[in-house]
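> Provided below for reference: sequence and predicted model.
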Amino acid sequence: MVSKVLSLGLALLLVAAGMPAFAQQTPAPAPAAQPRTDRPPQANGANPAAVAPAAAPAAVPWSSLSSRQQQLLSQFGDKWSSLPPARQQALAHGSDRWLNMSPEQKNSATQRFQRWRQLPPEQRRTLRDRWERFRSLPSDQQAGVRENFRKFRSLPPERRKMLRQRWQNASPAERQRMLQNLRERRMQQRRIPNRP
């Protein structure tokens, strides 16, 4: 039974390393030992618009993993040092995240993983692309996307269905107008202070 749970946990970790099926989870903070590479330090007089390429991911030594992580990732133990550093980081982060989930969170993640595996390959590819686009957004825009998703999820089912159909039936030009109208409404809401 433990082996089955570990195998499932490992499968979840592999998918959690960047799959949209896990986007609903609030991401765990990056380990403190990992330096931020998305904003390289600027030398005096450097052009802030000229962004240096991100540093290559650092390898994660097997010995730096907790005993629980090593147990969860045991099938990688013999070949850990031959894994690419980015893969090591993803597995280390994912194993830490999995081990810190409550039983309810693990159950929810398991269900999402099962739904993910049942999707056709083309739909998985589309979702991966969308996830990568989301991850490339600045953090404030990611927060906005998450907030919009929470608002959408709180709508009654019939309203969500109507909005989905309206969006799917809209032409690209109509979609652009819808987005522009939404932006304008938000700007007006920001200008008008909330009154009790």
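Received it, and whenever you're ready, just let me know what you need.
> need the longest helix for the protein.
Longest helix in the chain, counting residues (DSSP state H): helix 172-191.
> Please, where are all the helices along this structure?
2-16, 67-72, 85-99, 103-118, 121-135, 139-154, 157-169, 172-191.
> Single out the most deeply packed of those helices.
Ranked by mean neighbour count, the helices of the chain are led by helix 85-99 with a mean of 19 (mean count of other C-beta atoms under 10 Å). (Glycine included, C-beta is placed from N, CA and C.)
> What is that helix packed up against?
The criterion is 3 or more C-beta pairs under 8 Å, 6 or more residues apart in numbering; DSSP states H and E, and the helices and strands that helix 85-99 contacts are helix 2-16, helix 67-72.
> Could you tell me the least trusted of these?
Note on those: helix 2-16 shows the lowest mean pLDDT, a mean of 40.
> looking at the protein, which helix or strand does the model trust least?
Sorting the helices and strands of the chain by mean pLDDT, DSSP states H and E puts helix 2-16 at the bottom, at a mean of 40.
> Including distance to Ala56, could the helices of the chain go into CSV?
Putting those into CSV (distance: least, C-beta to C-beta, whole Å) gives the following:
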stretch, distance to Ala56
helix 2-16, 21
helix 67-72, 22
helix 85-99, 7
helix 103-118, 29
helix 121-135, 18
helix 139-154, 22
helix 157-169, 40
helix 172-191, 37
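> of these, which approaches Ala55 most closely?
Of all the helices of the chain, helix 85-99 sits nearest to Ala55, with 10.6 Å by C-beta to C-beta.
> Convert the C-alpha atoms of that closest one to PDB, please.
Provided in PDB are the C-alpha atoms of helix 85-99 (Å, rounded to 0.1, in the frame of the first residue of the first chain):
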ATOM      1  CA  PRO A  85      19.400  20.100 -12.700                       C
ATOM      2  CA  ALA A  86      16.000  21.500 -13.700                       C
ATOM      3  CA  ARG A  87      14.500  18.100 -13.300                       C
ATOM      4  CA  GLN A  88      16.200  17.600  -9.900                       C
ATOM      5  CA  GLN A  89      14.700  21.000  -8.800                       C
ATOM      6  CA  ALA A  90      11.200  20.100 -10.000                       C
ATOM      7  CA  LEU A  91      11.300  16.700  -8.300                       C
ATOM      8  CA  ALA A  92      12.700  18.200  -5.000                       C
ATOM      9  CA  HIS A  93      10.100  21.000  -5.000                       C
ATOM     10  CA  GLY A  94       7.300  18.600  -6.000                       C
ATOM     11  CA  SER A  95       8.200  16.100  -3.400                       C
ATOM     12  CA  ASP A  96       8.300  18.700  -0.700                       C
ATOM     13  CA  ARG A  97       5.000  20.000  -1.800                       C
ATOM     14  CA  TRP A  98       3.400  16.500  -1.800                       C
ATOM     15  CA  LEU A  99       4.700  15.700   1.600                       C
END
